[in-house]
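# what's the 3D shape of this:
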Amino acid sequence: MSTPSTPAARRQLVQHLPELRADDAASIRHFLDAIWAEQGLARASLDSYRRDLEGLARWRDGTGGGLAGIDRAGLFDYLAWRAKHGWSPRSNARLLSALRAFYGDALRRGLRSEDPSALLDPPRLPRLLPKALAESQIDALLAAPDVEQPLGLRDRAMLELMYAAGLRVSELVDLPANAVNLRQGVLRVTGKGSKERLVPLGEESQHWLERYLQQARPQITGTRSVPAARDGSVPLFLELSLHPLSRQQFWALVKKYAVLAGIDPVRISPHGLRHSFATHLLNRGADLRALQMLLGHSSLSTTQIYTLVAREHLQKLHAKHHPRG
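Residues are numbered from 1 along each chain as shown. Predicted structure coming up:
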């Protein structure tokens, strides 16, 4: 039976692990460079892999050996240690994915003769349905920012765009200014695996984007030049520092506007607007294949989970309004 543990307690636990060894740091860095070159993983995915591998390396060094000498029994012990201290099955499943990629790369390069993660079964994950807001709640949330202020107008445009286009939070905050085509009413989005897709803006979202670009953004930038990214692009949505918002900053804004809109913040998830976008489209008869393209899912099975949410909604409507419901 696992002992209860809060995120703060787990962070403190990790802080007391030994420092990362130089050879482990070099192995992780080489692996991340290789997997980025081969698969073009997003920065967030690479950071997750790095944290997971560094966690194992630091724990392992406390028992001797580091990443190079760990065997299957050692991985079992580490997973048991994490389970004891409250890491979730989903977190451990992500860790196992990182381990398989890391040791698979070591095998290909001849650094190991066997993969210690090969026979480890992924933890059984509970099937969590996406939490979608009601359309009336979406209306209240979108209307919460003070659009008379530059940052409020920016926030309204961001919320409208995320809901209108079904964007992931990372896709929203990373949007470059040149991704928007207001003349054609479309948005070019770079999703997971650096895959691009075109999504329609919709009239309401386009209206608020135009207001942001014409009114709020010039007030935020003033006479200053916006720093360009490595590829030469500049971010679409800016903080007063002229840097793009982080996912955490945007998430804090959503929580704030949820409270202003009279919505329980617990009912909001980081992808709440994206989930609501998908669920509301299905409720209104959207085609599942079209929804898959709009969401940027590589597999239709990922999109199909929204049909369960839509079905649940229809069952509630039937039970409430049908004379024999």
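
# ok, residue 213 - contacts?
Residues in contact with residue 213 (CB atoms under 8 Å, 6 or more residues apart in numbering) are 180, 182. Glycine gets a C-beta too; all of them are placed from N, C-alpha and C.

# Quick one: classify it as helix, strand or coil.
helix (DSSP: H, G, I helix; E, B strand; the rest coil).

# Distance check, it against residue 25.
Residue 213 sits 43 Å away from residue 25 when distances are taken as CB to CB, to the nearest Å.

# Show me how this protein divides into domains.
Per automatic domain parsing, the structural domains of the chain span 7-108, 135-321.

# which stretch among these comes nearest residue 115?
When these are compared by CB to CB, domain 7-108 sits nearest residue 115, at 4.5 Å.

# I'd like the mean pLDDT over the closest one, please.
Per-region confidence: domain 7-108 scores 85 on mean pLDDT.

# how long is that domain end to end?
Its first and final residues considered, domain 7-108 spans 36 Å by CA to CA, to the nearest Å.

# chain center to that domain, what's the gap?
Centre-to-centre, domain 7-108 and its host chain are 20 Å apart (CA atoms, centre = their mean, to the nearest Å).

# i'd like the first residue to be 26 from this point on
OK, 26 is where the count begins now, so the last one is domain 32-133.

# which one is residue 66 nearest to, not counting chain neighbours?
The shortest distance from residue 66 to any non-neighbouring residue, by CB to CB, 6 or more residues apart in numbering, is to residue 60 (6.0 Å).

# mind checking how far that neighbour is from residue 269?
Relative to residue 269, and taking CB to CB, residue 60 is found at 25 Å.

# quick revisit: how far away is the residue nearest to residue 66 from residue 79?
15 Å.

# give me every residue that touches residue 86.
Residue 86 touches 42-43, 45-46, 49, counting by CB under 8 Å, 6+ apart.

# Please indicate which of these are buried?
45-46, 49 (16 or more other CB atoms under 10 Å).

# Okay, now the unreliable bits of the stretch 126-275 of the chain?
147-155 (pLDDT under 70).

# one more time with 50
Counting by pLDDT under 50, the stretch 126-275 of the chain contains no low-confidence range.

# all strands of it, in order?
For the stretch 126-275 of the chain, the strands defined by DSSP state E, counting those that start in this stretch cover 205-206, 211-215, 221-225.

# what packs against the first one?
Right, the one you point to is strand 205-206. strand 211-215 (3 or more CB pairs under 8 Å, 6 or more residues apart in numbering; DSSP states H and E).

# partners of the strand it packs on, with directions?
When pairs are called by DSSP bridges, strand 211-215 turns out to pair with strand 205-206 (antiparallel), strand 221-225 (antiparallel).

# can you list contacts of the first one?
In this case it means strand 205-206. Contacts of strand 205-206 (CB under 8 Å, 6+ apart): 212-213, 226, 234, 238, 261.

# Closest one to residue 220 out of those, please.
Checking the contacts of strand 205-206 one by one against residue 220 (CB to CB), the nearest turns out to be residue 213, at 11.4 Å.

# contacting residues for the closest one?
204, 206, 221-223.

# Among the buried ones among the contacts of residue 86, name the ones in helices.
Per DSSP state H, helices hold the following members of the buried ones among the contacts of residue 86: residue 49.

# now the domains of the chain as a markdown table including distance to residue 141?
Formatted as a markdown table, the domains of the chain follow (distance: least, CB to CB, whole Å):
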| stretch | distance to residue 141 |
| --- | --- |
| domain 32-133 | 5 |
| domain 160-346 | 27 |
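
# Which among those domains is found nearest to residue 143?
Using CB to CB, the domains of the chain put domain 32-133 closest to residue 143, at 7.8 Å.

# OK, contacts around residue 124?
Residue 124 is in contact with 77-78, 81, 100, 141-142, 145, counting by CB under 8 Å, 6+ apart.

# repeat that with 10 Å
Contact analysis of residue 124 by CB atoms under 10 Å, 6 or more residues apart in numbering lists 74, 77-78, 81, 92, 95, 100, 103-104, 140-143, 145.
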